[in-house]
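A.B. asks: Below are the sequence and a predicted model; questions follow.
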Amino acid sequence: MQQEPQYLSSQDGAVLTLTLNRPQALNAFTSVLLAQLREALDAAAEDASVRCVVITGAGRAFCAGQDLSDPYVKPSDDPADAPKDIGQLLDGFYVPLALRVRSMPVPVIAAVNGVAAGAGANLALGCDLVLAGQSASFIQAFAKIGLIPDCGGTWLLPRLVGRARALQLALLGEKLPAAEAQAIGLIYQVVADEDLAATAQALAQRLSQSPVRAMAQTRRLFDQAGLLDFDEALKQEGLTQSQLGFGDDYQEGVNAFLQKRKPVFKDR
Ligand code: T3D
């Protein structure tokens with residue numbers, strides 16, 4: 001049976017906005033929502049009319065992480081039942097979603113409109129640019145239920161803020177206000193709550209008119225750089241620059257500069 005969408009989707013020009021839409025549960029992830037969000041991103045990745053994606057939440061929260069009442073994870077009341085394997089939830093839903101976000105051919109913006117907890121926080125932090133309203137907050141809630149930071153948290157947190165801060169966030173599981181998240185470099189920018197949606201859309205429109213193919217390659221090279229030595233990173237830059245140099249966007253960028261006009265980028 002077809003499930004009701006647990007997110008909203010709208011497109012303005014080349015900007016696709018996906019809004020997690022379970023406000024009664026602070027947009028906590030059910031297995032249905034996780035699958036639907038990944039499918040929406042898969043479709044966007046194949047759709048040439050989409051050149052930037054914004055992910056946000058409906059109501060007062062961005063996302064409270066895994067829905068702890070979802071049958072997929074809720075411990076059974078019957079002691080005779082075998083314990084549930086949370087690893088299957090990760091393999092089946094969180095890993096494909098986190099990889100999908102990180103491999104999108106276009107920039108992805110998180111517009112964090114309220115609390116972002118657990119996997120909800122790490123979904124946001126895996127996006128390319130994270131904007132937050134001033135009343136938003138980030139919580140590595142896993143520590144409180146005996147789990148480790150998932151949805152990419154163990155990889156993202158130390159890279160974003162260093163080991164000491166990452167351990168502080170992960171072990172203490174305390175609420176980090178948006179302004180502090182910006183101050184420690186966890187996120188890009190905090191704006192007034194009432195300006196968040198407009199700021200995210202303006203940024204997304206700007207990015208959608210930019211050379212997005214090169215941006216996706218920049219993200220890929222940043223992500224793999226930590227595994228490479230300097231020589232290999234230089235080699236990878238050369239290979240990628242070579243490919244981009246054959247693209248239309250490079251021709252367009254150079255021609256537009258020389259002709260003193262605004263470029264029109266189309267590659268994806
Ligand atoms: O098995 C696995 O878990 C594997 C997967 C792991 C990935 C993860 O994401 S683990 C982390 C899971 N998330 C959490 O532990 C966060 C739980 N929520 C909270 O700590 C708090 O709700 C918040 C700090 C996020 C917000 O607090 P507050 O006081 O603003 O709101 P509230 O009153 O706690 O919540 C409002 C409603 O949302 C409430 O429902 P009600 O009483 O009005 O009917 C609450 O139960 C519901 N809600 C909030 N978070 C979740 C949730 N329902 C289900 N799952 C949630 N995660």
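C.D. replies: Perfect, thanks for sending it. Numbers count the residues shown, from 1 in each chain.

A.B. asks: So the protein: which segments form each domain?
C.D. replies: Segmentation of the chain into domains, based on automatic domain parsing, reads 7-208, 212-259.

A.B. asks: List phi and psi for F257.
C.D. replies: Dihedral angles of F257 (phi, psi; degrees, to the nearest 10) stand at phi -60, psi -50.

A.B. asks: tell me which parts of the stretch 101-250 of the chain are close to the ligand?
C.D. replies: By the criterion of CB under 6 Å from any ligand atom, the positions of the stretch 101-250 of the chain lying close to the ligand are V115, A117, G118, A119, I139, A141, F142, I145, L147, D150. In this view, the C-beta of every residue, glycine as well, is placed from N, C-alpha and C.

A.B. asks: Among the residues you listed, which lie within strands?
C.D. replies: The strands in this structure, assigned by DSSP state E, contain V115, A117, I139 from those.

A.B. asks: Generate the PyMOL command that creates a selection of the buried members of these.
C.D. replies: Command for PyMOL that selects the buried part of these, burial taken from 16 or more other CB atoms under 10 Å:
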select buried, resi 115+117+139
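
A.B. asks: Where in the chain is the helix or strand with the lowest mean pLDDT?
C.D. replies: Taking mean pLDDT, DSSP states H and E as the measure, the chain has helix 86-89 as its least confident helix or strand, at a mean of 93.

A.B. asks: That helix and the ligand, any residue contact?
C.D. replies: Yes - when contact is scored as CB under 6 Å from any ligand atom, part of helix 86-89 falls within range of the ligand: I86, L89.

A.B. asks: which SS state does the residue of the chain most remote from its centre fall under?
C.D. replies: Farthest-out residue of the chain from its mean C-alpha position, per CA atoms, centre = their mean: A80, at 38.8 Å. Using DSSP: H, G, I helix; E, B strand; the rest coil as the criterion, the local structure at A80 reads coil.

A.B. asks: follow-up on the earlier one: can you list the residues of the stretch 101-250 of the chain next to the ligand in JSON lines and add pLDDT?
C.D. replies: Below are these laid out as JSON lines (pLDDT from 0 to 100):
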{"residue": "V115", "pLDDT": "98"}
{"residue": "A117", "pLDDT": "98"}
{"residue": "G118", "pLDDT": "98"}
{"residue": "A119", "pLDDT": "98"}
{"residue": "I139", "pLDDT": "98"}
{"residue": "A141", "pLDDT": "98"}
{"residue": "F142", "pLDDT": "97"}
{"residue": "I145", "pLDDT": "96"}
{"residue": "L147", "pLDDT": "97"}
{"residue": "D150", "pLDDT": "98"}
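
A.B. asks: Mind checking which of those are buried?
C.D. replies: If you count burial by 16+ other CB under 10 Å, the buried members of those come out as V115, A117, G118, A119, I139, A141, F142, L147, D150.

A.B. asks: So what pairs up with the residue lying closest to A179 once chain neighbours are set aside in the strands?
C.D. replies: Nearest-residue entry for A179: V190, 5.4 Å, with adjacent residues in sequence omitted and distances by CB to CB, 6 or more residues apart in numbering. Listed by DSSP bridges, the beta-bridge partners for V190 are A132.

A.B. asks: what sits against V190?
C.D. replies: Taking CB atoms under 8 Å, 6 or more residues apart in numbering as the criterion, V190 is in contact with L131, A132, G133, Q134, A136, A178, A179, A181, Q182.

A.B. asks: That one and A183, how far apart?
C.D. replies: In this structure, V190 and A183 are separated by 9 Å, where distance is defined by CB to CB, to the nearest Å.

A.B. asks: between the residues of the stretch 101-250 of the chain next to the ligand, which is closest to T19?
C.D. replies: Lowest distance from T19 to these (CB to CB) belongs to V115, with 15.6 Å.

A.B. asks: For P79, report the pLDDT, please.
C.D. replies: pLDDT, P79: 85.

A.B. asks: Hmm, I typed the wrong one, I wanted T218.
C.D. replies: At T218, the model reports a pLDDT of 98.

A.B. asks: Am I right that it falls within a strand?
C.D. replies: No - inclusion of T218 in a strand is not indicated when three-state DSSP is applied; the result is helix.

A.B. asks: ok, L156 - contacts?
C.D. replies: Contacts were defined as CB under 8 Å, 6+ apart; by that measure L156 touches N122, L125, G126.

A.B. asks: Thank you kindly, that will do.
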